[in-house]
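Undergrad: predicted coordinates and the sequence they were generated for:
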Amino acid sequence: MVTRRHFLLAGGAGLMPWGMLAGAAEQLSLAKILLGAPAGGSGDLMARRLADKLTGGYASKVIVENRPGAGGQLAITALRDAPDDGSTLLLTPSSLLSIYPYTYAKLPYKPQDDLAPVSLAAYSNHALGIGPAVPLSVKTLKDFLAWAKANPDQASYGSPASGSIPHLIVVVLAKLTNAPLRHIPYRGSTQGLQDLRGGTLAAMSSPVGAFLPHLASGQVRLLAVSGDQRSPFVKDVPTYRQLGHPITAREWYGFFVPARTRAAMVSRAAAYLRMALSAPEVAEGIRQFGLEAVHSTPQQLAEMLKADSQEWRSLIKTVGFTAES
C-alpha cells in the first residue's frame, strides 16, 4: 500500500578540493543548520557531524540551531524568513514537505514556493518498537496487535510528530488490522523513547537509528521495519511486508535554503554538502545513527520532492489520513 522509490545518485567522481570550492565565492563567517527537532535525535547528531565537516570550508563556523515544535514547522518558517545569502540551511525529513501539505488543514509555509532544494543528505527506515508497558510474552507484531485489541485502553503509540511518516505507518497498520492504537505525538523521538523505556507508552514508531542506543538493555523490542528490505542496522527484525502487511516507507533527509537564494549560492552549498557527505568519516559516523549518507544535485532533490508529494497525496486521500488521526 505504501511505496517509495529508490533514487540512484551520482557517486563521488569529479569532486573539487575544499580549497577550490572556498575560492569560488567569499567564505561566510558564520552559517547555521536549522533542525526542527530537539538535540539528541538521529537527525540532530547527523547535523552536528556535517556542521563540523563544513566548518572552515563553507563558513568559518557552522552551528546547529534546534527549532523543535509544531511537528518541525518552526524550523521551516525560520528558514523561510532567513537571509538569502546562504548562511542558513535547513535539514529536514521529507514528511514535512511531502506529507504535511495534505495532512494539516493549514501550514505557515509552501514547500514549492518558500524553499529551494540543495541536496539530499540521508535515507532512513522506520521501526515499530515496544517497551516494558507491554508484557514480555508479546514477541511479534501479531502478538502486539492481539494484545492491543485485548487492552485498548493501554494500546498507545508515539511518533516524532503528528502527520509524519512514522505516524502514517501506524495509522495504515491500524486500518489494515482494525487495531485500536491511540496516537501520542512528540517533539522528536527522544522524549517518546524515554516514555517507552519508562513504561508509560506501549509502542513507538520512529527512525531505526533512534532505537539503536536502547536495544542492548532489552527494554525496547523492535517488531517491524518499514523498508522494502530488512535494515542493515537490525537485520533480525522483519519488514512489515514480510509480516503480511503491504506497508513500505523509506524517508529521506534533505537540505534546503530560502527560495530567493541566488542560484550560485545554491550551487556552492550543494558542492560543499557533496564533499561533506562523501567523506568516509561522515558516512561511517552517521551509520551509527541508522542513517545512510547520500547526496544529490538541487534538481534531483526538486524532482524527488515533486514525485513524493504526488505519491503521498494520492495515498493520504485514499486512507483518509490527517495529522489528528
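TA: Yes, it's here.
Undergrad: and the residue lying closest to S87 once chain neighbours are set aside, how far from A179?
TA: Of all residues not flanking S87 in the chain, A31 sits nearest, at 4.9 Å (C-beta to C-beta, 6 or more residues apart in numbering). All C-beta spots, glycine's among them, are computed from the backbone N, C-alpha and C. Separation of A31 from A179 (C-beta to C-beta, to the nearest Å) stands at 45 Å.
Undergrad: how near is P180 to G320?
TA: Distance, P180 to G320, using C-beta to C-beta: 17 Å.
Undergrad: and the residue nearest to A203 when sequence neighbours are not counted, bridged to which residues?
TA: Nearest non-adjacent residue to A203, counting by C-beta to C-beta, 6+ apart: Y157, 4.0 Å away. For Y157, the beta-bridge partners under DSSP bridges are H183, A203.
Undergrad: what about D84, neighbour count?
TA: As a burial measure, D84 scores 14 neighbours (other C-beta atoms under 10 Å).
Undergrad: just the pLDDT for it.
TA: We note a pLDDT of 94 for D84 in this prediction.
Undergrad: nearest to the spatial middle of this protein, which residue is it?
TA: The residue lying closest to the centre of the chain (C-alpha atoms, centre = their mean) is P93, at 3.6 Å.
Undergrad: how about that residue, what does it touch?
TA: 43, 72, 124, 164-165, 251-253 (C-beta atoms under 8 Å, 6 or more residues apart in numbering).
Undergrad: what's the first helix or strand after whichever helix or strand L89 is part of?
TA: For L89, the host element (DSSP states H and E) is strand 88-93. Per DSSP H and E, the first helix or strand lying C-terminal to strand 88-93 is helix 95-98.
Undergrad: gap between that next one and the chain center?
TA: 9 Å (C-alpha atoms, centre = their mean, to the nearest Å).
Undergrad: can you pull the domain assignment for this protein?
TA: Under the assignment automatic domain parsing, the domains of the chain span 18-124+250-319, 125-225.
Undergrad: straight-line length of the shortest one, end to end?
TA: Across its full length, domain 125-225 reaches 7 Å between end residues, using C-alpha to C-alpha, to the nearest Å.
Undergrad: hey, where'd the strands end up in the stretch 51-200 of the chain?
TA: Taking DSSP state E, counting those that start in this stretch, the strands of the stretch 51-200 of the chain run over residues 59-66, 88-93, 115-130, 156-159, 182-185.
Undergrad: right, and these - which one's nearest F289?
TA: F289 lies closest, by C-beta to C-beta, to one member of the strands of the stretch 51-200 of the chain: strand 115-130, at 8.8 Å.
Undergrad: list the buried residues of that closest one.
TA: Neighbour counts over strand 115-130 (16 or more other C-beta atoms under 10 Å) mark 115-130 as buried.
Undergrad: rewinding a little: go through the strands of the stretch 51-200 of the chain and name the closest to A39.
TA: Among the strands of the stretch 51-200 of the chain, if distance is taken as C-beta to C-beta, the winner is strand 59-66, at 5.5 Å.
Undergrad: what's the mean pLDDT across the closest one?
TA: Strand 59-66 comes out at a mean pLDDT of 97.
Undergrad: other SSEs contacting that strand?
TA: The contact analysis (3 or more C-beta pairs under 8 Å, 6 or more residues apart in numbering; DSSP states H and E) places strand 59-66 against strand 28-35, helix 42-54.
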